[in-house]
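Colleague: What shape does this take:
(6 chains)
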Amino acid sequence: MSFIKELTKGIIKENPIFVIVLGMCPTLATSTSVENALGMGMAATFVLVCSNIFISLIKNITPDKIRIPVYVVVIASFVTIVDLSMAAFIPDLHKSLGLFIPLIVVNCIILGRAEAFANKNNVLNSIADGIGMGLGFTLALSVVATIREILGNGTWLNIKVLPETYDPMLITLLAPGAFITLGFLMALMNMLKEKK
Amino acid sequence: MRLQTFPGGVHPHDEKHFSASAPITKAPLPAKVAIHLSQHIGSPSTPVVSVGDEVLTGQLIAEASGFVSLNQHASISGKVTAIDRFPHPCGTSSLAIQITGDGQDKWVELVDEPNFMDLPVSEMKNRIAAAGICGMGGAGFPTFVKLSPPEDKPIDTVILNGVECEPFLTSDYRLMKEKAKDIITGLKLIMKIVNARKGYIGIEANKPDVIKEMEKLLSSEANLDVVGLKLRYPQGAEKQLIYAATKRKVPAGGLPMAVGVVVQNVGTAFAVYEAIRYKKPLIERIISITGSPVAKPQNLLARIGTPFAELVEFCGGTKERVGKIISGGPMMGFALPSLDAGMGKGSSGLVLMNEKQARLNEEGNCLRCARCVDVCPMNLLPSMIAAAVKYKNLDMAVQAGLNDCMKCGSCAYVCPAQIKLVQWIDTGKIRYAEAQRAKK
Amino acid sequence: MIALVIFLPLATNTMSTIVLPVIILGALGLVFGLVLAFAAKVFAVKIDERVEQIIAALPGANCGACGQAGCAGYASSIVESDTPINLCAPGGAAAVEKIAKIMGKTASAQTKKIAQYHCSSGGFNNTKWKYAYQGIESCKSAVNIADGPNLCSWGCVGYNDCQKACVFDAISVDEQGMRHIDAAKCTACGACVAACPRKLIMLIPETKHVVINCSSKAKMPLAKQLCGTEKPCIGCGLCSRKCPVQAITVEGNLARIDYAKCIDCGLCATVCPTKCITDSKAGKRLKAEIEAEKCIGCTICAKICPTQAISGELKQAHAVNKDACIGCEQCVGKCPKKAINMV
Amino acid sequence: MKMFLQLGLILLAFCMVATALLAYVNSFTKPRIEAIKLKEAADARNELIPDSEFEEITGDLSYYIARDKTTKEIKGYTFTAEQIGYGGPVKTMAAVDKDFKIISIKVIQQTETPGLGTNATLPKFTDQFKGKTLDQLTVDKDGGVPPNAIKALTGATITTRAVANAVKASIDKLRASVSQSPETAALSDSTAALEVAK
Amino acid sequence: MGFLGQLFSMAIAAILIQNFVLARFLGLCPYLGVSKKLDSAFGMGMAVIFVMTMASAFCYIIYQYLLVPYGLEYLQTLAFILTIAALVQFVEMVIQKNSPALYKSLGVYLPLITTNCAVLGVAILNITPLADGSRYNFLWSVLNGFLSGVGFTFVLLAMAGIRERLELVDMPKSMRGMPSGLILAGIMALAFYGFMGMKI
Amino acid sequence: MKDKYIVSSAPHLHDKTTTKNVMWNVVIALSPALVFAVYYWGFRALLLTLLGAVSAVVTEALIQKLRRVPVTVSDGSAFLTGMLLSYNINAGAPWWMPIMGSVFAIAVGKQVFGGLGNNPVNPALLGRAFLLASWPSLMTSGWLKPKSGALSGIADPDAIAMNLKALSPKAFDLVTGATPLKVVQTLRDSSFVASINADAGEGIDLANRIFTNITEMDALKNLFWGNIGGCIGEVSAFALLLGAAYLLYKNIIEWRIPLFYIGTVFVLSFIFGPIKGAGFSPMLPFFHIFAGGLMLGAFFMATDYTTSPLTKNGRIIFAIGCGLLTVVIRFVGGYPEGVSYSILFMNVMTPLIDKLTMPKAFGRVKK
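Modeller: Modelled structure (predicted):
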């Protein structure tokens, strides 16, 4: 039962981006297109699940004083493994995402979940948490990316959705547009929360 | 002559034309007076009469209850009919002694000291204290206390405040015009008491006739001078006047004596003269009854405690609907809920406004236009204090100058968004005091 | 096959590709571990773990009801200086229990209190005005000018400072402009109590339903003239005399209930001539009923009944007039035969 | 002292395990990645000058000589040019013919602003390089007049400059090294022709 | 260009043109989280400057003298993040001991410097080849780390200044906190666009 | 309560200046520029300005309705924002430009933070920055040619242009197709200078000649009256000065910001203005203060109450900062004009400047 609960909470109730506000940097940096967003989301989910498993396994043998160094070592290892394996086995996808993969290391969601969840819970729940949070992250990222890609490029997942006459609003693809889009999405979340 | 002034300030219309030309007139004796036990800064006076006692005009009815306190005297002869809460000229209600007059105005005995200038200083001070004189510009600080600075604060300068920078009011102007010599004598007496070498009379440029007259009278006096001042509010505030006249800056939170200066209102100087020469207690003063609704604006010599309603009646009543009653000047005076209150020792004027003048606009958003910052004579950030108080950030309010504000109202006067800056600051001061108390 | 895939690369160049990096990074790890261990010793700060635990146990509303700057402040003050552990109003008994466990103290939770107004006026139609106030819409600011805009200088000004102070949304304002406290939401944090410049709000135990709805110290005729609802306390003292447990005192024309003594019988409310005392439980209390079999007709109950609701001949079974009984339970304890029940 | 060692050793252990794992993964991904990279580069070259075989020349500028697969005749050269753009280095692979006229170019790596600079990878942009000679590689914003110049990308002049100037600079270097190379002496006549044309 | 000229152009680039937060999307979590009060923003800024400078130095040494000689560049992420984590924890302990007030106000954000992408970002940027193929040497790496930290602090302070001011206004409820913070960041990023394409 | 006397806190007198008349007075002060713009570029300038202003007002009203707060569009601040935004768009821009800009300026720049007085940066400038980032090509091209004269303001353009055309087509394109500041910016590009000088042949320093032409007295006259290409509100230094004089007379703006802003630009362009190889021209500082949006920026945008410092010293720092950045962007930046970005940037700095220049109370000694 709790497995399902841990799995679903990350999607809306404790959405890592909109609610917990973690992992801003990759959110803003990789949401220029839905394609990037999905790739980033999946890669992050994979690392999140792996590191959650591992950290919940070792939680009892890590002394507090070096907890964080140990966690980052774990996370960095998984990220590097993902990076290397993707480059070797699925080079095409790696090419379009390559730049963002090392960024996963510093995605605070992963360390955040390690600190807040995995080191307090058992393996099963940690897996659920990892998957849920990862999905929530992917979802939120895709929402931001959808807005940015449609407004800034007239396309969605590289498919033209706006007429040719549409003069793309380039700002949505730039840094200011990223900030403002996410800001308004969060305000929207707040408004919905208030209404409830 | 070069006009002096201070940094900051505003230029409200002076509106003195209503009553400036009206000579001082004696107001009729009131039927009843309420003499408040606290008309001054300091502890309230202690009554020495009880209900039913017969009193004479000028008789002591309440005495000072401490060093910073004041004697109060009956302003008419008659019977004490109540000691209870009565409306106070600052709008609230407080304890007062009510005297119902017998209409005869029987006085206590006065003297006429021929050599009053040569009285010993201690005697002079005693007479001032006995007469119950406090600052007559509005704040009401007991004069006797002001004239007794501690040994380590020598006073070298006395400034008489004849600025009357508040719009509408003309009582000081009329007094200076009609009793110039007595005021100068008062100044000399004060200088003698505090052993000051230099005396100034500060007068704003909108009273050129008085400046000229005073200059003529003082031309032979080497150590006395008239200081002409630019027309700017709040020129009459103590610290600003001292700066304008002497370029000395009174430290924040300090008193004028810190820079060797004593400031007295011209009315106070006149009362000091009368008290020392005649032993006359402070039972009457000059008050301007003015404003557009008043049928015949006048400067009245009226007994302390006379209800404002009677004074307005004497001025012919009102000729249009009154929207607001202001005790004191319109910049710092108190709006009253009714005309029931009686005048106090600090009541320099009663300004009536019609409904149109009285109406205020709704507060808008602060534009950060900084007009308030530009005019603040204390160099504070009024808009920031107000906002900080509004959002309960007392630390920021104090940083922006909450405790240095003297509530002159210049900021609220200029604010284009009509923000009630003074009231916010006032609220902030109360909150601050509460917080300090809570800390203890 | 799998084994081959895994071990083949290992076997081929184990030395250079695996061992070397392992040694280098391992050494790095060792060095950092040692440095951190060293730092942990040198820069050791004794943190009381209890502080963290208490913060976790507190509700985190940062309301300040405890008198500290926020929950963290309260937590550390509990640990550092012997601050009572039952000051957290929003957390209530649950929080106290948790803190007690952490601190190893026995719990002594406060009985839950809620805020109550002690004024019946305050709305647009329920206030008599002294003047037309124009200024900041705040009670605290308004009362500073000429003793406040309402005639009664003890009464509610009506600019809702209390509502603005409430972080739990427990105070609502109705169409009349009157304020209502939602007992369910009220946590007795006391923010409204501090916000009211007229000191009209007091925290009273949730179990008590009788409130003196006035704070006016004005004398009799004046009090009524000033009051917007004409339901002021006029200091007549009837309630005080009637109170079966002497819980009401009158001082300066104003009656006040000592809730430590009050038994919530509601008798005072029935005698108040101005209806200033309200009893939200009136009519809802259990009524007394005498078991005829047990009653020996001693008349003690009839004598003690403040509303003369019990009647009966001496040595005969008594009966309760249910309409007159207000459910004050005075008779129950006094009956020597335990014949009276509340139903 | 015991704590010291404990902390150090635990961190040591984790690092060792992690590194071992990574080293192991690396040991069999590395060859593959390198192979993929080489293949990609080769593919790119083939795309720029199809049906050729390439010979690498290293030096001040590393470039490849492209020869016709059958005739072994020199068809041209390919090289990678790099210059910093708006968001970082922009790598462009270009192919020129024997007269150093551009056959085609391809932006192979960049981190430019999405929607602006990234348009440099589109054929719309790269196609205009086809057939341009060295001195036609001026961006219009710098005074070049199209069609004898490169039309800058909207809002991404810097990226355009990075591509054009990098290619220009590399062609310069290429010319220098080709003319020095004894192997290409045969080309001298065509180089001379170019001089004449100028 | 002399040393000072180079330093100046690096400073302008790090602070205004290629600001870590506004142009590179790095270090956003602390930027949005610790910018509510000027005082704590200042403390955070100083901590970040310190950590970035130190991280630049250590990471450079580790990369240049441990990883490169043995061909272990693929371990750079692991080695760098380990170094940074240890460093941050060290700094945290020092601050906790020496300035409890600062420690209190920085709260959760001190450990978050570990995952402050800006720190890892600067370490990686320092070893990334420049346009001309060269790399920063040790001195320039450290300077780059320091100046990038200054750039971070600069925008953090500006942000905190604005947000402190916005504490005193009536903002729509749904905009309070993060949403307005993000939009402010967007506005600041737009304001910094004036430096785009600057040639210094 | 109505029949009672009014009681309020002192002061009981009030200056007659209100938010409303401040805003509408600024609108009045801005109108001469519009008259000039219409004279030189036709009614399209008026149309765009109105579109901008009206859409700003509508946006503000809509948002206030949605937020259920009083609608305050009559205070003129939204109208003013829309007007200023349109003034920052060239008269040849598509009609939807001012609308998009105004919506963004009001929604994101102002209402997000709660409306009037709460905006951290000047909403009109933010709107312009938004447009420039969103549609860079539309914002930097399509300048309308003034009624008589050249975009670049060079006097007697035909004669000079023909002369130039013979020498170098690139130079010809430049002086006929670019705004004055764009010309000067291009002349700073050494590769361009080399190429046109090479076109013109041995011994002719074409760049220097253009530079001299554009900064000479006749060209300055065109700048002053507005016979150039540019944004609607930048048209005429004269019209803007007229409006500024009105505002100064009405005591609506304060002299410090415009004086120090323009002064800084004047001094810095005197020192760093001359381009490489060109002779020194005493007219150059005048060119720089009359060209582009400096007058508009210094008098109408930098003086925006909400986004400039509260304190007098702060305003001086603010203005000098604006001036410095304007010159930096014009001389070494990626844009020909730096007024709007420099003011935006300094707006962001305003709270810090206020903090630094917090006044000490009269009679208080600094601790």
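
Colleague: How about the backbone phi and psi for the residue of the stretch 151-300 of chain C found nearest chain D?
Modeller: Ranking the residues of the stretch 151-300 of chain C by distance to chain D (CB to the nearest CB) places residue C:167 first, at 43.7 Å. (Glycine included, C-beta is placed from N, CA and C.) Note on residue C:167: its backbone torsions stand at phi -90, psi -10 [degrees, to the nearest 10].

Colleague: How many neighbouring residues does residue 91 have?
Modeller: No chain specified, so I'll use chain A. By the criterion of other CB atoms under 10 Å in any protein chain shown, residue A:91 has 17 neighbours.

Colleague: Please refer instead to chain F.
Modeller: The local packing of residue F:91 (other CB under 10 Å) involves 26 other residues.

Colleague: got a pLDDT number for it?
Modeller: Reported pLDDT at residue F:91 in the predicted model: 89.

Colleague: and what of residue C:326?
Modeller: 83.

Colleague: Tell me the spacing between the residue nearest the centre of chain A and residue C:123.
Modeller: Closest residue to the average C-alpha location of chain A: residue A:137 at 3.8 Å, with CA atoms, centre = their mean. As judged by CB to CB, to the nearest Å, residue A:137 and residue C:123 stand 51 Å apart.

Colleague: Equivalent analysis for residue B:126, please.
Modeller: 56 Å.

Colleague: And the helix ranked longest in chain B, what's buried?
Modeller: In terms of residue count, the longest helix belonging to chain B (DSSP state H) is helix B:421-439. Residues B:421-432 are the ones in helix B:421-439 that count as buried (16 or more other CB atoms under 10 Å in any protein chain shown).

Colleague: One more: stretch E:166-179?
Modeller: Applying 16+ other CB under 10 Å to stretch E:166-179 flags E:166, E:168-172, E:174-175, E:177-179 as buried.

Colleague: and the gap between residue C:74 and chain B?
Modeller: Distance of residue C:74 to chain B, computed by CB to the nearest CB, to the nearest Å: 16 Å.

Colleague: any low-confidence regions in the chain?
Modeller: No chain was given, so I picked chain A. Residues of chain A that meet the criterion pLDDT under 70 lie in A:1, A:96-100, A:196.

Colleague: my bad, the chain I had in mind was chain E
Modeller: Scanning chain E for pLDDT under 70 picks out the ranges E:1, E:102, E:104-112, E:114-115, E:131-133, E:199-200.

Colleague: How about the stretch 201-350 of chain F?
Modeller: Using pLDDT under 70, the stretch 201-350 of chain F drops low at F:276-280.

Colleague: all helices in it, in order from the N-terminus.
Modeller: Using DSSP state H, counting those that start in this stretch, the helices assigned to the stretch 201-350 of chain F run over residues F:206-215, F:217-225, F:237-249, F:256-272, F:284-290, F:294-296, F:312-332, F:339-356.

Colleague: Chain D too?
Modeller: D:2-48, D:123-126, D:157-180, D:188-197.

Colleague: out of those helices, nearest to residue F:218?
Modeller: helix D:157-180 (31.5 Å; CB to CB).

Colleague: So which bits of that closest one are buried?
Modeller: By 16+ other CB under 10 Å, the buried positions in helix D:157-180 come out as D:157-168, D:170-171, D:174-175, D:177-178.

Colleague: is it anywhere near chain A?
Modeller: No: using CB under 8 Å from any CB of the partner chain, helix D:157-180 stays clear of chain A, coming no nearer than 13.6 Å.

Colleague: can you give me the mean pLDDT across that helix?
Modeller: Taken as a whole, helix D:157-180 has an average pLDDT of 83.

Colleague: And it, what does it pack against?
Modeller: Under the contact criterion of 3 or more CB pairs under 8 Å, 6 or more residues apart in numbering or on different chains; DSSP states H and E, helix D:157-180 touches strand D:74-84, strand D:89-97, strand D:102-109, helix D:188-197.

Colleague: Columns mean pLDDT on top of those, output as CSV?
Modeller: Listed next are the helices and strands packed on helix D:157-180 as CSV, based on pLDDT from 0 to 100:
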stretch, mean pLDDT
strand D:74-84, 84
strand D:89-97, 86
strand D:102-109, 86
helix D:188-197, 44
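
Colleague: what's the closest of those to chain A?
Modeller: Using CB to the nearest CB and comparing these, the one that lies nearest chain A is strand D:102-109, at 9.7 Å.

Colleague: Have a look at chain E and report its longest helix.
Modeller: Chain E, longest helix under DSSP H: helix E:138-166.

Colleague: buried residues in that helix?
Modeller: Neighbour count says helix E:138-166 has E:140-166 buried, by 16+ other CB under 10 Å.

Colleague: What of stretch B:394-413?
Modeller: Those would be B:394, B:396-398, B:400-413, for stretch B:394-413 by 16+ other CB under 10 Å.

Colleague: related to what we said a few turns ago, so which of the buried residues of helix B:421-439 comes closest to residue F:261?
Modeller: residue B:421 (29.1 Å).

Colleague: List the contacts of that closest one.
Modeller: Each residue near residue B:421 by CB atoms under 8 Å, 6 or more residues apart in numbering or on different chains is listed here: B:372, B:382-383, B:385-386, B:411-412, B:415.

Colleague: where do the strands sit along the chain?
Modeller: Using chain A here. For chain A, the strands defined by DSSP state E occupy A:155-156, A:159-160.

Colleague: Correction: the question concerned chain F.
Modeller: Ranges of strands within chain F are F:6-8, based on DSSP E.

Colleague: and it, what are its domains?
Modeller: F:19-139, F:157-219, F:253-357 (automatic domain parsing).

Colleague: Export those domains to JSON lines and append columns for distance to residue B:215.
Modeller: What follows is these, written out as JSON lines (distance: least, CB to CB, whole Å):
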{"stretch": "domain F:19-139", "distance to residue B:215": "42"}
{"stretch": "domain F:157-219", "distance to residue B:215": "57"}
{"stretch": "domain F:253-357", "distance to residue B:215": "36"}
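
Colleague: where does chain D come near chain C, residue by residue?
Modeller: Going by CB under 8 Å from any CB, the residues of chain D near chain C are D:3-16, D:18-20, D:22-24, D:26-28.

Colleague: Just the buried residues from those, in PyMOL please.
Modeller: Only the buried entries of those go into this PyMOL selection, using 16+ other CB under 10 Å:
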select buried, chain D and resi 4+7+8+10+11+12+13+14+15+16+18+19+20+22+23+24+26+27+28
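
Colleague: From the residues of chain D next to chain C, list the ones also adjacent to chain A.
Modeller: Among those, chain A is touched by D:6-7, D:10-11, D:14-15, D:18, D:22, D:26, D:28 when using CB under 8 Å from any CB.

Colleague: out of the residues you listed, which touch chain F?
Modeller: Here nothing survives when those are matched to chain F using CB under 8 Å from any CB.

Colleague: Can you tell me which of the residues you listed is nearest chain E?
Modeller: Of those, the one sitting nearest to chain E (CB to the nearest CB) turns out to be residue D:26, at 5.1 Å.

Colleague: State the distance from the nearest residue to that closest one once chain neighbours are set aside to residue B:257.
Modeller: Sequence neighbours aside, residue E:74 is the residue nearest to residue D:26 in space, at 5.1 Å (criterion: CB to CB, 6 or more residues apart in numbering or on different chains). From residue E:74 across to residue B:257, the span is 80 Å (CB to CB).
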